[in-house]
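Chemist: need a structure here:
(one chain, ligands or ions: 1)
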Amino acid sequence: MPGCAEQSALVSWSGRYRIGSRAAGDLHHQAWALTWTSSSDDHRAMPVTPTPKIWMNGTLVDWADAKVHVLTHSLHYGMGVFEGMRAYETSGGPAIFRLTDHMKRLHNSAKILGMPMPYTVDELIAAAKATVMTTELPGCYVRPIAYLGYGEMGLNTLPCKTDVSIACWPWGAYLGEDALEKGVRMKISSWVRHGHNTMPPAAKMTGSYVNSSLAKVEALNAGYDEAIMLNAQGLIAECSGENLFVVRNGVIVTPPLSSGALEGITQDSVMTIARDLGFDVRLSELARSDLYIAEEIFVCGTAAEVGSVNSVDDRPVPCPGPITLAIAAEYAKAVRGQVDKYKDWVEHCS
Ligand SMILES: Cc1ncc(COP(=O)(O)O)c(C=O)c1O
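Modeler: Next comes the predicted model:
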């Protein structure tokens, strides 16, 4: 049973997740979880806050009713594809950043897995906008997912039906509010990024994220903030949930899809912004030693936005670097529709 300190930690842990009081049997389980992962760092907790509606297979249902059966195929075999998008507050109301590109990637992910998609890109765009509007929030995180639903079991996915849902909730900065200024501590993971002939990195699929979660939790338990993943050749792929950029000799370099990175939409936005700011940007392979002697390193993704890296495997990296800060500032304006040349990226919901 937990001691006094653990008991009080439990109370606040429970409170943070809104799980309220639990049966005594569960307490032991929670205590074990705490001894293994306990931390007071807020950025580790990313709780979900309910919003009024979730779009499920064409209908907006109440948040509490957006449920699936325990025999949902994807729950057992990990065959699903998803996106993470952000709606930002703009002068014209909430707008989803690069919504069309995200929905195209969702379709491409499904195509790679051979999953039929029952909705067109245009239908999904309309559904995402409608779901954001039900929140009445100025901005939120948006999570579309397509998965194989209830009715079939076994590894033959051919008879399975694809279900689709889109949920929105307010979600803070994934690596912490101070990730840009203070930077994050990185660890090269002992887990290897899955390869093109195991779990294709071009598809943003649910099952692949087992690999990312193993790396993330390993890094957190070792006292770091985030994991950098190498591919089977030992070259840099990406982070557990972000793309990575390294500045060496004044040139900004980010690993391509062939290195095992997701083709990040933020990565693409950052490359465009950086080139427009006059920087030399390249998609190229990177070795871990490139990180140890980098002038600057930053990470980017929809959830994390742009964050600085302050060390890799305890080797300090100058942070926050001037290139990182310049790109982050422009990105923050672009997503809010404040930069004319990037207005097409900002897709208004109403
Ligand atoms: C593994 C991984 N790499 C990169 C990214 C960044 O992708 P994007 O910028 O499209 O959000 C993500 C974001 O979900 C991710 O999970």
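
Chemist: mind showing which ranges of the protein have poor pLDDT?
Modeler: Per-residue confidence of the chain (counting by pLDDT under 70) places the weak regions at 1-43.

Chemist: okay, now the domains of it?
Modeler: The chain breaks down by automatic domain parsing into domains covering 4-38, 53-169, 179-335.

Chemist: any idea how far the longest one is from the chain center?
Modeler: Put plainly, it is domain 179-335. Mean C-alpha position of domain 179-335 versus that of the full chain (Cα atoms, centre = their mean, to the nearest Å) differs by 12 Å.

Chemist: ok, that domain near the ligand or not?
Modeler: Yes: legend: contact between domain 179-335 and the ligand by Cβ under 6 Å from any ligand atom is shown at 212, 238, 241, 242, 243, 262, 264, 265, 266, 267, 301, 302. The C-beta positions use only the backbone N, C-alpha and C, and glycine is treated the same way.

Chemist: Okay, and which of these map to strands?
Modeler: When these are checked against strands using DSSP state E, the ones located there are 238, 243, 301.

Chemist: okay, now the second one: neighbour count?
Modeler: Going back to what we said before, that points to residue 243. Under the neighbour criterion other Cβ atoms under 10 Å, residue 243 is assigned a count of 24.

Chemist: give the contact list for it.
Modeler: 254, 255, 261, 262, 264, 266, 267, 270, 299, 300, 301 (Cβ atoms under 8 Å, 6 or more residues apart in numbering).

Chemist: Nearest spatial neighbour of the fifth one, chain-adjacent residues omitted?
Modeler: The shortest distance from residue 264 to any non-neighbouring residue, by Cβ to Cβ, 6 or more residues apart in numbering, is to residue 243 (4.1 Å).

Chemist: same thing with the third one?
Modeler: Spatial nearest neighbour of residue 261, excluding adjacent residues (Cβ to Cβ, 6+ apart): residue 238 at 4.1 Å.

Chemist: For residue 144, which three-state class applies?
Modeler: Following DSSP: H, G, I helix; E, B strand; the rest coil, residue 144 is assigned to strand.

Chemist: give me the beta-bridge partners of it?
Modeler: According to DSSP bridges, residue 166 are recorded as the beta-bridge partners of residue 144.

Chemist: circling back to that earlier point, right, and the pair among the residues of domain 179-335 next to the ligand with maximum separation?
Modeler: Using Cβ to Cβ, the residues of domain 179-335 next to the ligand span at most 17.0 Å, a distance reached by 212 and 265.

Chemist: Neighbour count for those two, which is higher?
Modeler: With neighbours defined as other Cβ under 10 Å, residue 212 and residue 265 compare such that residue 265 has more, 23 against 20.

Chemist: mind listing what residue 88 touches?
Modeler: By Cβ under 8 Å, 6+ apart, the neighbours of residue 88 are 94, 95, 97, 139, 335, 336, 337, 346.

Chemist: Narrow these to those in strands?
Modeler: For the contacts of residue 88, the ones inside strands are 94, 95, 97, 346, with DSSP E as the criterion.

Chemist: still on that earlier bit, filter the contacts of residue 243 down to the buried ones, PyMOL style.
Modeler: Provided next is the PyMOL selection string for whichever of the contacts of residue 243 are buried by 16 or more other Cβ atoms under 10 Å:
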select buried, resi 254+255+261+262+264+266+267+270+299+300+301
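
Chemist: Make CSV out of the contacts of residue 243 and add distance to residue 205.
Modeler: Rendered in CSV, the data for the contacts of residue 243 read as follows (distance: Cβ to Cβ, whole Å):
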residue, distance to residue 205
254, 22
255, 19
261, 15
262, 10
264, 15
266, 19
267, 18
270, 23
299, 21
300, 21
301, 16
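
Chemist: Sort out for me which of the contacts of residue 243 are in helices.
Modeler: When these are checked against helices using DSSP state H, the ones located there are 266, 267, 270.

Chemist: Just name the closest of the residues you listed to the ligand, please.
Modeler: Taking Cβ to the nearest ligand atom as the measure, the ligand sits nearest to residue 266 out of the ones in helices among the contacts of residue 243, at 3.1 Å.

Chemist: Please name the nearest non-neighbouring residue to that closest one.
Modeler: Closest residue in space to residue 266, ignoring its immediate chain neighbours: residue 300 at 4.4 Å, by Cβ to Cβ, 6+ apart.

Chemist: what's that neighbour in contact with, if anything?
Modeler: 242, 243, 245, 264, 266, 267, 270, 306, 307, 331.

Chemist: Hmm, residue 301 and the fourth one touching each other?
Modeler: Yes: between residue 264 and residue 301 there is a contact at 6.0 Å, judged by Cβ atoms under 8 Å.

Chemist: any residues in contact with both of these two?
Modeler: Jointly contacting residue 264 and residue 301 under the rule Cβ under 8 Å, 6+ apart are 242, 243.

Chemist: Residue 165: how many residues sit nearby?
Modeler: Around residue 165 sit 20 other residues, with neighbours defined as other Cβ under 10 Å.

Chemist: so what's it up against?
Modeler: In this structure, residue 165 makes contact with 54, 55, 56, 57, 66, 144, 145, judged by Cβ under 8 Å, 6+ apart.

Chemist: Farthest pair within those?
Modeler: Using Cβ to Cβ, the two most remote members of the contacts of residue 165 are 66 and 144, lying 12.9 Å apart.

Chemist: Counting neighbours around each, name which of the two comes out higher.
Modeler: Neighbours per residue, other Cβ under 10 Å: of residue 66 and residue 144, the larger number sits with residue 144, 24 against 16.
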